[in-house]
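Chemist: Kindly return the folded structure for what I paste below:
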Amino acid sequence: PAFEKLAHQLRKNSITCVGVVCWHKEIDFFFRETPYVTYEASLRCRKFINIFEKCGFSFEKEHILTDCCSYYNIYHTLASLIRRKRLPELLFCQNDQIAVWCIQALERQGIRVPEDIAVIGCDNCYSSPWGDRLTSFDMPFYELGGAAVDLIEEIRLKEIHDLELLRTSPAELSIKETFT
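Modeler: This next block holds a predicted model:
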């Protein structure tokens, strides 16, 4: 429901060009070792893209920004898009920390948020001056923790080793200043 709410808002605002910003180096990462990645991080980004695609949005390869593990990397990645005039209308970030780095990098280069580009985070747990302004998804961390413990117990008892057991939980979209 939260992604459907976001998709509705995107259509309402005539946003069609969406970018995804992730920690890791390659969006198709599965089981390769890199210093910035976990299986969950890769899965989360792939899931975001799949959901956006199901809602009718498509992605250009240059708008799937990976290896965004620091402000420095984000700044230079966005600078390249700005120079080529290829910024998407919205950056959907893997978490709020990345979203804040994107906003800072964009504003430092003269791009206004949300007037020129919208930015959305995903976890709604960044505590900074941006915390009250950043549009983000509220993640039910307490429920996710309980579900993780239940899943671990199920795997242990049944000796299951199947990654298909990964679960998703509902989130709520909290629309604030960085997306109008």
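
Chemist: how distant is the lengthiest strand in the chain from the center of its chain?
Modeler: Determined from DSSP state E, the single longest strand within the chain is strand 118-123. A distance of 6 Å separates the centroid of the chain from that of strand 118-123, by CA atoms, centre = their mean, to the nearest Å.

Chemist: next SSE after that strand?
Modeler: strand 135-138 (DSSP states H and E).

Chemist: Just checking: what are the partner strands of that next one?
Modeler: strand 118-123 (parallel), strand 172-174 (antiparallel) (DSSP bridges).

Chemist: looking at these, which is buried most?
Modeler: strand 118-123 (a mean of 24; mean count of other CB atoms under 10 Å). For every residue, glycine as well, the C-beta is placed using N, CA and C.

Chemist: Give me the contacts around that strand.
Modeler: 6, 13, 15, 44, 48, 89-100, 102-103, 106, 113, 134-137, 139, 171, 178-180 (CB atoms under 8 Å, 6 or more residues apart in numbering).

Chemist: In helices, which of those appear?
Modeler: In this view, the contacts of strand 118-123 that belong to helices under DSSP state H are 6, 44, 48, 96-100, 102-103, 106.

Chemist: top of those residues by neighbour count?
Modeler: With neighbours defined as other CB atoms under 10 Å, the most crowded of these is C102; it has 29 neighbours.
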